[in-house]
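Asks: okay, sequence plus prediction incoming.
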Amino acid sequence: MEQIQISPRLQVMWQAFTFEEKNELETFAAFLLTRRGLKQHLVTDDISTKELAHLIMAGGSFDWLDDPREDVYTDQDGEEIVWPTKS
């Protein structure tokens, strides 16, 4: 992995971060690289559910679900479900 240069000020701040804060910062940096289309650097394998959901929504992989042609079922389709009751 190539080395990157960071400012002395950022180096000092990095030392003050907790382990969890460092993970959050690494995840955010990976997100920014991905969003900008830069070469992806694997900096962490930990990503929050919220961040993952945002990346999925921004990626366009599920855009087909907004296509009206996908609405093939209506409220009138199917059969009523009869749930068993305790006797």
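Replies: Ah, there it is.
Asks: all helices for this structure, in order.
Replies: Here the chain has its helices, by DSSP state H, at 8-16, 19-35, 49-59.
Asks: and the residue most central in space within the chain, how far from Glu79?
Replies: By C-alpha atoms, centre = their mean, the chain has its centre lying nearest to Leu52, at 1.4 Å. Applying C-beta to C-beta, to the nearest Å, the value for Leu52 to Glu79 is 36 Å. All C-beta atoms are positioned from the backbone trio N, CA, C, and that covers glycine.
Asks: what about the chain, any weak spots by pLDDT?
Replies: For the chain, the stretches with pLDDT under 70 are 1-4, 38-46.
Asks: would you list the helices of the chain in a markdown table and tack on distance to Asp67?
Replies: Shown next, in a markdown table, are these (distance: least, C-beta to C-beta, whole Å):
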| stretch | distance to Asp67 |
| --- | --- |
| helix 8-16 | 45 |
| helix 19-35 | 25 |
| helix 49-59 | 16 |
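Asks: any idea which of these is most buried?
Replies: Stretch with highest mean neighbour count among the helices of the chain: helix 19-35 (a mean of 14; mean count of other C-beta atoms under 10 Å).
Asks: need the CA coordinates for that one. CSV is fine.
Replies: Extracted C-alpha coordinates of helix 19-35, given in CSV (Å, rounded to 0.1, in the frame of the first residue of the first chain):
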residue,chain,number,x,y,z
PHE,A,19,-9.6,3.2,18.6
GLU,A,20,-13.2,3.6,17.7
GLU,A,21,-12.7,7.2,16.4
LYS,A,22,-9.8,6.0,14.2
ASN,A,23,-12.0,3.3,12.7
GLU,A,24,-14.7,5.9,12.0
LEU,A,25,-12.2,8.2,10.3
GLU,A,26,-10.8,5.4,8.2
THR,A,27,-14.3,4.4,7.1
PHE,A,28,-15.1,7.9,6.2
ALA,A,29,-11.9,8.3,4.2
ALA,A,30,-12.7,5.1,2.3
PHE,A,31,-16.2,6.5,1.6
LEU,A,32,-14.7,9.8,0.2
LEU,A,33,-12.3,7.9,-2.0
THR,A,34,-15.1,5.7,-3.3
ARG,A,35,-17.5,8.7,-3.9
